[in-house]
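Student: Provide a 3D model corresponding to the input given below.
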Amino acid sequence: MTSPSDMPPPPLLVPALAKAMSIIDIVAREPGITFSQIQKNSGLAKSSTHQLISSLCQLGLLQVSTDGKHMLGLRLFELGSIAASQRIVEREALPYLRALTNDVQLTCHLGVLEGHEAVYLAKVDGNLPIKVNTWVGKRVSLYSSSLGKALLAWLPELQLDQVLTHVDWRINTPNTLPDARALKEHLALVRSRGWATDDEEDVPNIRCVSAPIRDMRGNVIAAISAVGTILQIDVERFPELAAQVCATAEKISTALGHR
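Tutor: Okay, here's the model as predicted:
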């Protein structure tokens, strides 16, 4: 398997996205700035500036007062709050994740539900010759990865249905759950035992065990996983490995205030 360092470099920035970000930066530095000042400071054409500001306002990233003053939108505040909470989870979880990796000698991840996807916030590699090809920031399947299942299993039903409407269902392996109905039945099992598995459902020859992390209100806000090849994780190891992963998830939850 390849490591993240073997992957090709990321593509160049999308020009329109870079221009939009420059406008957000300008407004962040000078709240209450006018359109003409934004256009002058950005160096963009008036038509381009107008289109970008209009789009940013529609997305809630900027807002304009009745007298034409521009400010950051509440959507940025919301996203900032989410980002800050994720950093707190990552900071609290990392020491426990490293200890788990040392105990199980597998690659371990911390992940969260972000919109309609799951994303890795942290990764710790075990001292094994074969490395699983993952990286921080990688998006993972909600329905075929154990981490995705752990994040979905405790969602309110209406929220779960909403998330699943955005899932691009693909049968990755013969073990992949075929549809949303099968997934919901499987999630009932995940809830009853408190942990989720991926038995070659997402990627051939890869197995994984995950458990949820809860905040002080008992809400599932993240999950951790231990992943390895079929040679490293036999199906008979699932219960023992799950006990270790769950114990670590409980320690992280306690550190975040859950009782």
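
Student: rest of the way, CA atoms for contacts and neighbours
Tutor: Will do.

Student: residues in contact with stretch 207-219?
Tutor: Residues from elsewhere that reach stretch 207-219, judged by CA atoms under 8 Å, 6 or more residues apart in numbering: 145-147, 150-151, 194-200, 220-230, 233, 238, 241-242, 245-246, 249-250, 252-253, 256-259.

Student: out of these, which are buried?
Tutor: 145-147, 150-151, 194-200, 220-229, 233, 238, 241-242, 245-246, 249-250, 252-253, 256, 258 (16 or more other CA atoms under 10 Å).

Student: among the residues you listed, which are in helices?
Tutor: Residues from the buried ones among the contacts of stretch 207-219 lying in helices, with DSSP state H as the criterion: 146-147, 150-151, 238, 241-242, 245-246, 249-250, 252-253.

Student: what is the nearest of the residues you listed to Gly115?
Tutor: Leu151 (11.7 Å; CA to CA).

Student: for that closest one, give me its contacts.
Tutor: Contact analysis of Leu151 by CA under 8 Å, 6+ apart lists 112-113, 118, 142, 212, 220-223.

Student: let's see 10 Å
Tutor: Each residue near Leu151 by CA atoms under 10 Å, 6 or more residues apart in numbering is listed here: 111-113, 117-118, 142-143, 187, 196, 210-213, 220-224.

Student: what pLDDT does it get?
Tutor: Confidence at Leu151, expressed as pLDDT, is 97.

Student: how close does it get to Tyr143?
Tutor: Leu151 sits 10 Å away from Tyr143, going by CA to CA, to the nearest Å.

Student: same question for Gln232.
Tutor: Taken as CA to CA, the span from Gln232 to Tyr143 is 23 Å.

Student: who has more neighbours, those two?
Tutor: In terms of neighbours (other CA atoms under 10 Å), Tyr143 is the more surrounded of Gln232 and Tyr143; the figures are 31 against 17.

Student: how about the secondary structure of that one?
Tutor: The three-state label given to Tyr143 by DSSP: H, G, I helix; E, B strand; the rest coil is coil.

Student: check Val209 too.
Tutor: With three-state DSSP as the criterion, Val209 reads strand.

Student: can you pull the contacts of the residue lying closest to it once chain neighbours are set aside?
Tutor: The shortest distance from Val209 to any non-neighbouring residue, by CA to CA, 6 or more residues apart in numbering, is to Thr197 (4.5 Å). Residues near Thr197 by CA under 10 Å, 6+ apart: 144-150, 190, 207-211, 225-227, 235, 238-239, 242.

Student: then Leu147?
Tutor: Neighbouring residues of Leu147 by CA under 10 Å, 6+ apart: 109-113, 118-120, 140-141, 195-198, 208-212, 222-227.

Student: follow-up on the earlier one: which of the ones in helices among the buried ones among the contacts of stretch 207-219 sits closest to Ser54?
Tutor: Distances from Ser54 to these, taken by CA to CA, are shortest for Leu151, at 35.0 Å.

Student: quick check: the closest one vs Pro95, distance?
Tutor: Plainly put, Leu151 is 21 Å away from Pro95 if you go by CA to CA.

Student: again with His186
Tutor: To Pro95, His186 is 31 Å away according to CA to CA.

Student: Asn41 reaches Ile26, doesn't it?
Tutor: Yes: counting by CA atoms under 10 Å, Asn41 touches Ile26, with 7.5 Å between them.

Student: so between those two, which is more surrounded?
Tutor: Neighbours around Asn41 and Ile26, counted as other CA under 10 Å, are more numerous at Ile26. The numbers are 20 against 12.

Student: next, count neighbours for the nearest residue to Tyr143 once chain neighbours are set aside.
Tutor: Closest residue to Tyr143 apart from its sequence neighbours, by CA to CA, 6+ apart: Lys149 at 5.9 Å. Around Lys149 there are 28 other residues, counting by other CA under 10 Å.

Student: thanks again, I'm all set now.
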